[in-house]
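Participant: okay, sequence plus prediction incoming.
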Number of protein chains: 2
Amino acid sequence: MNLDGLILYDIDDESDRNEAERPFPFVSTMDPADYLARHLTAWIIPTVVYRVVGKYPESRLRRWLSVQEPDRVLSVFVGSSSRDKEVATSLTRSQELRAEVGPDLLLGGVAIPERHTRGGDEHLRLLAKQAAGCSFFVTQIIYDVNAAKNLVSDYRFECTARGLAPAPIVFTFTVIGSLKTLDFLNWLGIDVPRWIQNELMHSENPLAASREQALAAAVDLIAYCRRLGGLFTTQLSIIAQAL
Amino acid sequence: MNLDGLILYDIDDESDRNEAERPFPFVSTMDPADYLARHLTAWIIPTVVYRVVGKYPESRLRRWLSVQEPDRVLSVFVGSSSRDKEVATSLTRSQELRAEVGPDLLLGGVAIPERHTRGGDEHLRLLAKQAAGCSFFVTQIIYDVNAAKNLVSDYRFECTARGLAPAPIVFTFTVIGSLKTLDFLNWLGIDVPRWIQNELMHSENPLAASREQALAAAVDLIAYCRRLGGLFTTQLSIIAQAL
């Protein structure tokens, strides 16, 4: 595979976000920063290291930020999965730390089309993150292309209205191998359109069907963004082994 | 233009359905059955004549049904636009009349993807209409392709579950020439996705933009229905002059 980049996610339980039972038990994973440092020493392709900042004390984040090589590492800070969760470091404080200790480290933010469907203001959140130092965005897993287009569209036109250059958005797609994973996507709050769910439920090979769907969605979104113009977009396919 | 068929709509006010002001004033139009009889005598292409059945007394519907040539004329019966509206003839009664007086006249029903988005049971309504004699469906104007796919998908799989052959669905698309028409679509209860609204609002040529959108939506839906298989679908572009 010819990769343009790699994203190392920082997995959090997030059970506080949803009262329903988590379809897969939560398994703690290695800190992605440690993983990169220990196991990918020969890796030269740009790597985006996620940081669920609430998990780490300020001192640890500060140390990490101070030793990153900005031509090799980028980061995405993820805030708390719910308002009541206790955090070691807040998202705002982490953004301040980065501005202070590692201003050259490219920082990205999370973009959630479903939040735009519910509240209609995700494009404003993106602009606020941009003002706090974010220079790119990574979306949550996309199954609802329409929702993604709505967000991109509102973001694009708001950028124009404010005279800002839109930041690149990395769209995330995934394939699913079983219906239990479909439950998990629902649990995570990802809108999977009914016709796609039907297709997966009636398919003899959900993995192949979802691969085809993800590909079609990606092609559709890329074509849309090109047509929209002025918005540089990258597309990334992720096959999460855990799924 | 090479036409496979023609649809003559029967326009109703429908102001009872929506408290907001109608963006365009309602103008009574000629009964489409009269229009066909008087002005399209040399017309040999199959014509679907809409009948807002509540507007006509039973005797008039009965007379009309008894003189139609089934190889030339098809009909779609449209029920009341709201539950409280007084009707001359009910939808159920009209269906009975047709079974009695004109059983060879092909009868179609209206399919509304937006109703499926809200209630999730439009596919069951289609099956009930099928049981009452409908052998094809015509959708409301489609701007939300996802909603249309959801309806088609649920309908298709429910047909399979019941061992029924799915009836052909005629998808309806339209172009709009001004933003006032966009208001009118909203007023009619048609979901126009936000990104499409944005595109039209920022376009110097909404007519050309919406033509492109309608074409893309049609291609997408046709490809989807082919892939779904077993569902014969027709696609129809309508340029309503009134819009």
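Facilitator: Everything's here; your move.
Participant: what is the end-to-end distance of stretch A:105-119?
Facilitator: This stretch, stretch A:105-119, spans 31 Å end to end (CA to CA, to the nearest Å).
Participant: how about the residues of chain A that lie near chain B?
Facilitator: With the criterion set to CB under 8 Å from any CB of the partner chain, chain A comes near chain B through A:144-146, A:149-150, A:152-154, A:157, A:193-195, A:198-199, A:202, A:224. Quick note: C-beta positions are derived from backbone N, CA and C, even for glycine.
Participant: now the buried members of those.
Facilitator: A:144-146, A:149-150, A:152-154, A:157, A:193-195, A:198-199, A:224 (16 or more other CB atoms under 10 Å in any protein chain shown).
Participant: determine the longest strand present in chain A.
Facilitator: If you go by DSSP state E, chain A has its longest strand at strand A:134-141.
Participant: from the buried ones among the residues of chain A next to chain B, which land in helices?
Facilitator: A:145-146, A:149-150, A:152-154, A:157, A:194-195, A:198-199, A:224 (DSSP state H).
Participant: so which of these sits lowest on pLDDT?
Facilitator: Across those, the member with the lowest pLDDT is A:Y224, scoring 88.
Participant: ok, it touching A:K149?
Facilitator: Yes - with contact defined as CB atoms under 8 Å, A:Y224 and A:K149 form a contacting pair (5.6 Å).
Participant: which neighbours do the two share?
Facilitator: B:W195 (CB atoms under 8 Å, 6 or more residues apart in numbering or on different chains).
Participant: that older thread, tell me the two of the buried ones among the residues of chain A next to chain B that are most distant?
Facilitator: A:F157 and A:N198 (33.3 Å; CB to CB).
Participant: now stretch A:36-46: buried residues?
Facilitator: Going by neighbour count (16+ other CB under 10 Å), the buried part of stretch A:36-46 is A:36, A:46.
Participant: brain fart, stretch A:104-119
Facilitator: Taking 16+ other CB under 10 Å as the criterion, stretch A:104-119 shows A:105-117 as buried.
Participant: tabulate the residues you listed (JSON lines), appending pLDDT and secondary structure.
Facilitator: Converted to JSON lines, the buried residues of stretch A:104-119 look like this (pLDDT from 0 to 100; DSSP: H, G, I helix; E, B strand; the rest coil):
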{"residue": "A:L105", "pLDDT": "96", "secondary structure": "coil"}
{"residue": "A:L106", "pLDDT": "96", "secondary structure": "coil"}
{"residue": "A:L107", "pLDDT": "96", "secondary structure": "strand"}
{"residue": "A:G108", "pLDDT": "95", "secondary structure": "strand"}
{"residue": "A:G109", "pLDDT": "95", "secondary structure": "strand"}
{"residue": "A:V110", "pLDDT": "93", "secondary structure": "strand"}
{"residue": "A:A111", "pLDDT": "95", "secondary structure": "strand"}
{"residue": "A:I112", "pLDDT": "95", "secondary structure": "coil"}
{"residue": "A:P113", "pLDDT": "96", "secondary structure": "helix"}
{"residue": "A:E114", "pLDDT": "95", "secondary structure": "helix"}
{"residue": "A:R115", "pLDDT": "95", "secondary structure": "helix"}
{"residue": "A:H116", "pLDDT": "96", "secondary structure": "helix"}
{"residue": "A:T117", "pLDDT": "94", "secondary structure": "helix"}
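Participant: pull the most distant pair out of those.
Facilitator: The widest separation within these, taken as CB to CB, falls between A:L105 and A:T117 and amounts to 31.5 Å.
Participant: and the helices in chain A?
Facilitator: Here chain A has its helices, by DSSP H, at A:32-39, A:58-66, A:91-101, A:113-119, A:122-131, A:145-162, A:179-187, A:194-201, A:206-228.
Participant: can you put those in JSON lines and add distance to B:Q213?
Facilitator: Conversion of those to JSON lines gives the following (distance: least, CB to CB, whole Å):
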{"stretch": "helix A:32-39", "distance to B:Q213": "41"}
{"stretch": "helix A:58-66", "distance to B:Q213": "45"}
{"stretch": "helix A:91-101", "distance to B:Q213": "38"}
{"stretch": "helix A:113-119", "distance to B:Q213": "20"}
{"stretch": "helix A:122-131", "distance to B:Q213": "21"}
{"stretch": "helix A:145-162", "distance to B:Q213": "11"}
{"stretch": "helix A:179-187", "distance to B:Q213": "28"}
{"stretch": "helix A:194-201", "distance to B:Q213": "20"}
{"stretch": "helix A:206-228", "distance to B:Q213": "11"}
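Participant: between those, which one is nearest to B:R83?
Facilitator: Relative to B:R83, the nearest member of the helices of chain A by CB to CB is helix A:194-201, separated by 26.7 Å.
Participant: once you drop chain neighbours, what's closest to A:D220?
Facilitator: What sits nearest to A:D220 in space, not counting adjacent residues and going by CB to CB, 6 or more residues apart in numbering or on different chains, is A:V145, at 5.4 Å.
Participant: same question, A:R93
Facilitator: Computed as CB to CB, 6+ apart, the closest residue to A:R93 that is not its neighbour in sequence is A:E58, at 6.8 Å.
Participant: how far away is the one you found from A:A37?
Facilitator: Going from A:E58 to A:A37 by CB to CB, to the nearest Å gives 20 Å.
Participant: then A:I169?
Facilitator: Relative to A:A37, A:I169 is positioned 28 Å away (criterion: CB to CB).
Participant: do I have it right that A:L6 meets A:V49?
Facilitator: No - contact between A:L6 and A:V49 fails when scored by CB under 8 Å: they sit 9.3 Å apart.
Participant: looking at the two, which is more packed in?
Facilitator: When A:L6 is set against A:V49 and neighbours are counted by other CB atoms under 10 Å in any protein chain shown, the residue ahead is A:V49, at 23 against 15.
Participant: using CSV, list the CA coordinates for stretch A:63-74.
Facilitator: Listed in CSV are the C-alpha atoms of stretch A:63-74, where the atom choice follows Å, rounded to 0.1, in the frame of the first residue of the first chain:
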residue,chain,number,x,y,z
ARG,A,63,6.9,16.7,27.8
TRP,A,64,5.5,14.9,24.7
LEU,A,65,4.8,18.1,22.9
SER,A,66,8.4,19.4,23.5
VAL,A,67,10.1,16.4,21.8
GLN,A,68,8.1,16.0,18.6
GLU,A,69,9.5,16.5,15.2
PRO,A,70,7.0,18.6,13.3
ASP,A,71,8.0,17.3,9.9
ARG,A,72,7.2,13.8,11.0
VAL,A,73,4.5,14.1,13.6
LEU,A,74,1.1,15.8,13.6
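Participant: correct me if wrong: A:P57 contacts A:T89.
Facilitator: Yes - under the contact definition of CB under 8 Å, A:P57 touches A:T89, with a separation of 6.6 Å.
Participant: which of those two has more neighbours?
Facilitator: For A:P57 and A:T89, the more surrounded residue by other CB under 10 Å is A:T89, and the numbers stand at 22 against 10.
Participant: so what's the more buried one up against?
Facilitator: By CB under 8 Å, 6+ apart, A:T89 lies in contact with A:53-54, A:56-58, A:61, A:97.
Participant: which among the residues you listed count as buried?
Facilitator: Judged by neighbour count, with 16+ other CB under 10 Å as the criterion, the buried members of the contacts of A:T89 are A:53-54, A:56, A:61, A:97.
Participant: ok, of these, which one's closest to A:F24?
Facilitator: Set against A:F24, the nearest of the buried ones among the contacts of A:T89 by CB to CB is A:G54 (21.3 Å).
Participant: can you tell me the closest non-neighbouring residue to that closest one?
Facilitator: Nearest non-adjacent residue to A:G54 (CB to CB, 6+ apart): A:V87, at 3.2 Å.
Participant: spit out the contact partners of that neighbour.
Facilitator: Residues A:53-55, A:80 are the ones in contact with A:V87 under the rule CB under 8 Å, 6+ apart.
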